[in-house]
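Enquirer: Fold the following for me, if possible:
(one chain, ligands or ions: 1)
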Amino acid sequence: MDDTLLLQKYHGLGNDYLVLDPNKNKIHLLERHIVKLCRRNIGAGADGILYGPIWQDEKLYVKIFNPDGSEAERSGNGVRIFAKYLLDAGYIRHRPFSLYTKAGEVRIDFLNEDGSLMKVNMGIPQFTGGVLAYVGTPPEIINRPLVFHGHPYRATCVSMGNPNCVIHLDEISKEKAMELGPYVENASYFPNRINMQLCKVMDRGHIRVEIYERGAGYTLASGTGACAAAAASHKLGLVDDRIEVTMPGGQLLIEIGEDGSVFLTGEVQKIGTILMAEHFLA
Ligand SMILES: N[C@H](CCC[C@H](N)C(=O)O)C(=O)O
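Expert: Sure, this is the predicted structure:
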């Protein structure tokens, strides 16, 4: 194993990740490495890095990094992509199985032989506390007006392990997400920063979402973002328990269980293998 980096690239609805397996690469991964690898013009290009598998106390972990080098507690497309990598690389012995991220366990079940379609139990959404660290009172933000870029927007903040600010609007667009996103992501309300979803409720079984991610910016899809927008819409009584979430990159199915757990079903695709140039990370 020399110091050339071997990466596997996958995407979930156009939200693309590079898998960096420490068992196949000799590397001490630094923030500047993550930033350079994710750059689309001088690097391999991605919306993030999935570093693993790492075993700890017989649990299988993956570390999730955004293109700005920050570590995310969870990624819905990321855990599906990593599960398919584990299957492709021969690490999986049984299904369903548990995968661990910084925010804890997700339960993964493949719905087809090649693992390109899977259902993930993403846990129970939290509407207060934890990573939602909000500077203000009361601590929860449910359909409340918050001011971003000088204008009030009705926001609902929900943790899917990572922090999300869902803003319901009558009309949403990429342009609106790009304009408002940086102000929401970096608002002084949120010391941990936050992911933003603009959400248009189409009917009680369908929502449309535009995304601006913490540490990544505008992306074509987000698994935790789809869960957060569906859970917030459900909390406000706007949708039923089964919600099709349409994002620019495609659709994910969200189902809300009797205990409040959120199940995410969607596809992932392998793009290919990337062998980085010698000394790329020097
Ligand atoms: N940027 C997010 C992590 C990736 C989320 C998204 N790609 C997904 O599929 O859930 C954060 O810092 O919490």
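Enquirer: For the rest of this, base every contact and every neighbour count on C-alpha atoms.
Expert: Will do.
Enquirer: Test my guess that residue 158 contacts residue 139.
Expert: No: in this structure, residue 158 sits apart from residue 139 without contact. The criterion is Cα atoms under 8 Å, and the distance is 11.6 Å.
Enquirer: Looking at the two, which has the bigger crowd around it?
Expert: Summary of the neighbour comparison: residue 158 and residue 139, criterion other Cα atoms under 10 Å, with residue 158 having more neighbours (30 against 13).
Enquirer: follow-up on the earlier one: any shared contact partners between residue 158 and residue 139?
Expert: Contact with both residue 158 and residue 139 is made by residues residue 128, according to Cα atoms under 8 Å, 6 or more residues apart in numbering.
Enquirer: low pLDDT regions in this structure?
Expert: Regions of the chain meeting the criterion pLDDT under 70 cover residues 1-3.
Enquirer: Show me what from it comes close to the ligand.
Expert: Contact residues of the chain with respect to the ligand, defined by Cα under 6 Å from any ligand atom, are listed as 66, 72, 74-78, 162, 213-216, 222-225.
Enquirer: I'd like to know which of those are buried.
Expert: Taking 16 or more other Cα atoms under 10 Å as the criterion, what is buried in those is 66, 72, 74-78, 162, 213-216, 222-225.
Enquirer: Restricted to helices, list the residues you listed.
Expert: The members of those that map onto helices under DSSP state H are 76-78, 223-225.
Enquirer: from those residues, which two are the most distant?
Expert: The largest separation in these, counting by Cα to Cα, is between 78 and 225 at 12.0 Å.
Enquirer: Return the distance of the closest residue to residue 45 other than its chain neighbours relative to residue 197.
Expert: Counting by Cα to Cα, 6 or more residues apart in numbering, residue 45 lies nearest to residue 38, which is 4.3 Å off, once chain neighbours are set aside. When distance is defined by Cα to Cα, to the nearest Å, residue 38 is 22 Å away from residue 197.
Enquirer: Can you show me the helices along the stretch 1-150 of the chain?
Expert: 31-38, 76-88 (DSSP state H, counting those that start in this stretch).
Enquirer: Tell me which of those is the most buried.
Expert: Comparing those on average neighbours per residue, with mean count of other Cα atoms under 10 Å, the densest one is helix 76-88 at a mean of 24.
Enquirer: contacting residues around that helix?
Expert: The contact list for helix 76-88, computed with Cα under 8 Å, 6+ apart, reads 8, 10-12, 15, 17, 19, 50, 53, 62, 64, 92, 99, 108, 114-116, 118, 120, 122, 222-224, 264, 267-269.
Enquirer: Show me how far it is from its chain's centre.
Expert: Computed by Cα atoms, centre = their mean, to the nearest Å, the separation of helix 76-88 from the middle of its chain amounts to 12 Å.
Enquirer: Ok, stretch 137-156 next?
Expert: A distance of 22 Å separates the C-alpha centroid of stretch 137-156 from that of its chain, computed with Cα atoms, centre = their mean.
Enquirer: for that stretch, which positions count as buried?
Expert: For stretch 137-156, burial by neighbour count (16+ other Cα under 10 Å) applies to 140-143, 146, 148, 153-156.
Enquirer: Give me the distance between the residue nearest the centre of the chain and residue 62.
Expert: Ranked by distance to the mean C-alpha position of the chain (Cα atoms, centre = their mean), the top residue is residue 75 at 2.9 Å. Relative to residue 62, residue 75 is positioned 10 Å away (criterion: Cα to Cα).
Enquirer: got it, and residue 237?
Expert: With Cα to Cα as the criterion, residue 237 and residue 62 are 34 Å apart.
Enquirer: re earlier: of the residues of the chain next to the ligand, closest to residue 186?
Expert: The shortest separation between residue 186 and any of those is 8.4 Å, and it belongs to residue 214 (by Cα to Cα).
Enquirer: That closest one contacts residue 183, doesn't it?
Expert: No: when contacts are counted by Cα under 8 Å, residue 214 is not listed as touching residue 183 (10.9 Å).
Enquirer: and residue 237 and residue 62? which has more neighbours close in?
Expert: A side-by-side neighbour count of residue 237 and residue 62, using other Cα under 10 Å, places residue 62 first with 24 against 10.
Enquirer: The nearest residue to that one once chain neighbours are set aside: neighbour count?
Expert: In this structure, residue 62 finds its nearest non-sequential neighbour in residue 52, 4.7 Å apart by Cα to Cα, 6+ apart. The burial count assigned to residue 52 is 20, neighbours taken as other Cα under 10 Å.
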